[in-house]
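S.K.: Sequence and predicted structure, then a few things I'm wondering about:
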Amino acid sequence: MSFQRFVLPNGLVVVCETIPYVRSVTVGIWVKTGSKYEIAGEYGLTHFLEHLLFKGTPNRSAREIAEQMDAVGGQLNAFTSKEYTCFYARVLSDHFAFAMELLSDMLLNSVFAAEDFDREKQVVLEEIKLYEDTPDELILDLCAKSVLGDHPLGRPVLGSFDSISAITREQTLAFWRKHYTPDNLIISVAGQVDPETVFSEISRYFGTMPGNGGAQKGAASQPRTVLPAAIRGANLFKEKETEQVHICFGSEGLSRLDDARYAVQVLDALLGGTVSSRLFQVLREERGLVYSAFSAHSSYQELGLFSIYVGVSKPNAGEVLKLLRQELNAVRQGQISEDEVSRAKEQLRGSILFGLESTSNRMSRLAKAEMFFGEIVSADEIIERIQRVSKDDVIATAQLIFAKQPYISAIGQIAGLSRRWAEFQKGW
């Protein structure tokens, strides 16, 4: 494998990894704009714009975009996060030039027809309704809001019914022109492909895109966003007729730049990230109180979010909360074994190495390394840093994250559970 990095004169950054033994290639166009960069009146616009770029260009209709990708046996998709948007295609290596032309046509030449705009707005509103009907996903957004309050990272990527309904076509075009500029783009390619071909094809389609040429090696720059003076969290509850009560416990975590970022990954894995983790074993395997119980740590540029999720029948909620409090107390007090730490680190190692078998994962890893760190760190280097994490590092990280009581968010038939919430948070 070999890594290449190019910067076009207009500032667009290209990163490429050649993998000679695979038969495919994945190309991703990453826009350094996510929901956290939206201002009032724009909430949900980043994700809505992602949808619109699949609706057609002067060269092909929305149906033709789909049919042409299917005709070469490829996969075309996109996703929006809180910090970036990605459009990507995975194709057999001999179809790389086609994938590059199709993606460039979508990003540079979309027509934003009025009828498509109105129709796709309805699609996104249906997506929001679907999300509202999926409590085990909705609870994660509620948890982010409970911990991060008015911070931009506390807002949902999809926006709200009201915010999407109010978006105009003119507003969307202005947002596209402002954020879809070459100095705000990274194109990442991984697979069986020649770097010279990559540079030639990208230059062909994006070389004349106007920009300021501002990207420099190692810059790892992103747009600035206005942050609140302080984060003010709160417990949040949503009464809903569901079979289970969906509960999240959230604490402010660590940014992706924090020195302890590898220790928090180990903590996450041993607490609730694997089937041998504490929460899974205690709550499901030993007592049968839940089907799903897990922890997750999301790292952003400014901060992080550590969350714990359980879905439980209402009569068992009190016992689950008691057991969870016991496990968190034990971790904070240093009751962690060397075997737990070793298993967690080996799980992380396996996850990283398994990911290398996918050109899509490699493409994403390249883009994020460029976007956030300005350098490409090999998988072996990352594994080495994880292996250096000690039990004491994990304990210190747990004590830092759980120094303050976690905020509670819950969705379901929660009437009558207020005493259980108070018991969990008492004397933290």
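M.R.: Sure thing, it's come through. Numbers count the residues shown, from 1 in each chain.

S.K.: Okay, and the closest residue to residue 195 other than its chain neighbours sits in which element?
M.R.: Closest residue in space to residue 195, ignoring its immediate chain neighbours: residue 4 at 4.3 Å, by CB to CB, 6 or more residues apart in numbering. Every C-beta, even on glycine, is put in place using the N, C-alpha and C of the backbone. For residue 4, the host element (DSSP states H and E) is strand 2-7.

S.K.: Compute the distance between the residue nearest the centre of the chain and residue 300, please.
M.R.: Nearest residue to the geometric centre of the chain (CA atoms, centre = their mean): residue 81, 5.2 Å. Computed as CB to CB, to the nearest Å, the residue 81 to residue 300 distance reads 10 Å.

S.K.: Equivalent analysis for residue 153, please.
M.R.: Residue 153 is 6 Å from residue 300, by CB to CB.

S.K.: mind listing what the residue nearest to the centre of the chain touches?
M.R.: 34-35, 157 (CB atoms under 8 Å, 6 or more residues apart in numbering).

S.K.: try 6 Å this time
M.R.: Taking CB atoms under 6 Å, 6 or more residues apart in numbering as the criterion, residue 81 is in contact with residue 34.

S.K.: Equivalent analysis for residue 135, please.
M.R.: Counted by CB under 6 Å, 6+ apart, residue 135 has contacts 242, 246, 411.

S.K.: What of residue 425?
M.R.: Applying CB under 6 Å, 6+ apart, the residues near residue 425 are residue 405.

S.K.: so where do the strands sit in the protein?
M.R.: Under the criterion DSSP state E, strands of the chain are mapped to 2-7, 13-18, 24-31, 75-80, 85-92, 185-191, 236-239, 245-253, 290-299, 304-312, 407-412.

S.K.: Sheet-wise, list the partners of the strand holding residue 4 with their directions.
M.R.: According to DSSP bridges, strand 2-7 forms sheet pairs with strand 13-18 (antiparallel).

S.K.: in the partner strand, what's buried?
M.R.: 13-18 (16 or more other CB atoms under 10 Å).

S.K.: pLDDT and distance to residue 262 for those - can I get that in TSV?
M.R.: Output for those, formatted as TSV (pLDDT from 0 to 100; distance: CB to CB, whole Å):
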residue	pLDDT	distance to residue 262
13	97	26
14	97	28
15	97	23
16	97	27
17	96	22
18	96	28
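
S.K.: closest to residue 358 among the residues you listed?
M.R.: residue 17 (12.0 Å; CB to CB).

S.K.: what's across from that closest one in the sheet?
M.R.: residue 3, residue 190.

S.K.: so who does it touch?
M.R.: Here residue 17 is in contact with 1, 3, 190, 362, 366 (CB under 6 Å, 6+ apart).

S.K.: How much space separates it from residue 31?
M.R.: As judged by CB to CB, residue 17 and residue 31 stand 20 Å apart.

S.K.: And residue 406, by the same measure?
M.R.: Counting by CB to CB, the gap from residue 406 to residue 31 is 33 Å.

S.K.: Over to residue 208?
M.R.: 18 Å.

S.K.: Of these two, which one has the most company?
M.R.: residue 31 (22 against 12; other CB atoms under 10 Å).

S.K.: show me what contacts that one?
M.R.: By CB under 6 Å, 6+ apart, the neighbours of residue 31 are 85, 185.

S.K.: what's the pLDDT at it?
M.R.: pLDDT for residue 31: 98.

S.K.: and if you look at residue 224?
M.R.: Among the per-residue scores, residue 224 holds a pLDDT of 49.

S.K.: Please apply the same query to residue 210.
M.R.: 86.

S.K.: Grab the nearest non-local neighbour of it.
M.R.: In this structure, residue 210 finds its nearest non-sequential neighbour in residue 10, 6.7 Å apart by CB to CB, 6+ apart.

S.K.: and that neighbour, how many neighbours?
M.R.: For residue 10, the neighbour count with other CB under 10 Å is 19.

S.K.: so it makes contact with residue 182?
M.R.: Yes. Contact status for residue 10 versus residue 182: in contact at 4.2 Å, counting by CB atoms under 6 Å.

S.K.: Give me the common contacts of those two.
M.R.: Counting by CB under 6 Å, 6+ apart, the residues touching both residue 10 and residue 182 are 209, 211.

S.K.: For residue 80, the count of nearby residues, please.
M.R.: 22.

S.K.: hmm, I was thinking of residue 293
M.R.: For residue 293, using other CB under 10 Å, the count is 24.

S.K.: show me what contacts it?
M.R.: Residues near residue 293 by CB under 6 Å, 6+ apart: 279-280, 283, 310.

S.K.: Those residues: which two are farthest apart?
M.R.: 280 and 310 (10.4 Å).
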